[in-house]
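**Q** Build the 3D model from these lines:
(one chain, ligands or ions: 2)
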Amino acid sequence: MSLLAVRNLTVRYGALEAVRGVSLALEAGEALAVIGPNGAGKTSLLRGLLGLARAEGEVRLQGEPLSHRTPEALLQRGVVLVPEGRALFPGLSVEDNLLLGGFTRLRKGLREDLERVYRLFPRLLERRRQPAGTLSGGEQQMLAIGRALMARPRLLLLDEPSLGLAPLMVREIYRILGELKGEGVTLLLVEQNAKVALSLADRGLVVEAGEAVLEGKAEELRQDPRVVEAYLGLAREVEEG
Ligand SMILES: Nc1ncnc2c1ncn2[C@@H]1O[C@H](COP(=O)(O)OP(=O)(O)O)[C@@H](O)[C@H]1O
Ligand SMILES: [Mg+2]
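**A** Ligands and ions are numbered 1, 2, ... in the order given. Purely as a prediction, here's the structure:
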């Protein structure tokens with residue numbers, strides 16, 4: 001049984017259909033990359049399946065329909081989002097931002113979880129008293145992921161974790177995501193950066209203008225001419241040039 005199964009999800013903003021009948025399934029321990037250009041509906045897909053945007057269609061977690069999904073209910077079931085733009089509290093310290101991520105557990109195990117995050121992201125330990133707003137973009141992304149980990153996710157959804165980051169920082173973030181995957185965390189990655197997302201993911205789903213247009217194993221998508229041309233061509237030229 002899939003950990004997450006989404007069937008025929010549609011998200012509308014007034015007359016605009018941002019997501020049109022998208023289906024996907026995610027097995028426990030698997031990483032799925034949803035790729036597509038800016039405006040394709042990737043964020044809307046995440047928001048729709050999390051109940052943050054009104055959506056039609058069916059969402060099941062371990063076979064159980066999530067008909068009344070609220071962020072709290074999803075959090076309790078181990079579904080945690082690292083939103084695009086990170087949504088940190090810039091005036092609060094790094095550590096307070098992390099502790100807020102664990103607030104649902106009322107202190108039980110918070111210390112160990114904090115240590116785990118600091119082990120994964122030593123930069124955050126060095127900067128734990130610093131206001132989050134003073135961190136670099138990459139460090140803020142680390143903090144956003146760290147905060148999500150404080151909620152002990154089974155299913156971690158990440159919206160454009162590499163957006164706007166320098167290549168070295170992207171590599172570092174993806175190294176950590178790979179570690180989390182190795183620990184058994186199920187990942188749903190949404191990225192414009194198809195190259196990096198498909199390098200980590202087991203499977204990929206290409207979304208264009210709100211519709212799922214292509215799906216397959218990540219290694220097959222990396223070689224699919226349609227993907228190479230539309231999403232990997234430029235990246236290759238840059239790398240080789
Ligand atoms: N809150 C909103 N209200 C109206 N239109 C929106 C809203 N959010 C996104 N859109 C539109 O929906 C489409 C998909 O956007 P989005 O899901 O953010 O795409 P992506 O994350 O792939 O860049 C775009 O045309 C965008 O302008
Ligand atoms: Mg988006």
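
**Q** Output the contacting helices and strands for the strand or helix carrying Glu139.
**A** Here Glu139 sits within helix 137-149, counting by DSSP states H and E. Applying 3 or more C-beta pairs under 8 Å, 6 or more residues apart in numbering; DSSP states H and E, we find helix 137-149 packed against strand 79-82, helix 94-101, helix 110-120, helix 122-126, strand 155-159, helix 167-182. Where C-beta positions appear, they are placed from N, C-alpha and C, glycine not excepted.

**Q** Quick one: name the residues of this structure near ligand 2.
**A** Within the chain, the positions adjacent to ligand 2 are Lys42, Thr43 by C-beta under 5 Å from the ion.

**Q** Disregarding flanking residues, what is the spatial nearest neighbour of the residue positioned nearest the centre of the chain?
**A** The residue lying closest to the centre of the chain (C-alpha atoms, centre = their mean) is Leu158, at 1.1 Å. Excluding its sequence neighbours, the residue lying closest to Leu158 (C-beta to C-beta, 6 or more residues apart in numbering) is Val82, at 4.5 Å.

**Q** got the angle for the helix holding Glu139 vs helix 94-101?
**A** On the basis of axes from the mean of the first three to the mean of the last three C-alpha atoms, to 10 degrees, helix 137-149 is oriented at 30 degrees to helix 94-101.

**Q** quick one: is stretch 156-167 near ligand 1?
**A** No: if you take C-beta under 6 Å from any ligand atom as the test, stretch 156-167 misses ligand 1, and the best it gets is 7.2 Å.

**Q** With just CA atoms, put that stretch into CSV.
**A** C-alpha atoms of stretch 156-167 as CSV (Å, rounded to 0.1, in the frame of the first residue of the first chain):
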residue,chain,number,x,y,z
LEU,A,156,8.7,15.3,4.1
LEU,A,157,7.5,17.6,1.3
LEU,A,158,9.9,20.1,0.0
ASP,A,159,9.0,23.0,-2.2
GLU,A,160,12.0,24.2,-4.3
PRO,A,161,14.7,23.5,-1.7
SER,A,162,17.4,24.5,-4.2
LEU,A,163,15.9,27.7,-5.5
GLY,A,164,18.2,30.7,-5.4
LEU,A,165,21.1,28.8,-3.8
ALA,A,166,24.7,28.6,-4.9
PRO,A,167,25.7,25.3,-6.5
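
**Q** low-scoring stretches of this structure, by residue?
**A** Residue ranges of the chain with pLDDT under 70: 103-107, 233-241.

**Q** and the gap between Leu61 and ligand 2?
**A** With distances taken as C-beta to the ion, to the nearest Å, Leu61 is found 22 Å from ligand 2.

**Q** I figured Gly57 was touching Asn8, is that so?
**A** Yes: under the criterion of C-beta atoms under 8 Å, Gly57 makes contact with Asn8 at 4.3 Å.

**Q** tell me, what's touching the two both at once?
**A** Each of Gly21, Val22 lies in contact with both Gly57 and Asn8 under the rule C-beta atoms under 8 Å, 6 or more residues apart in numbering.
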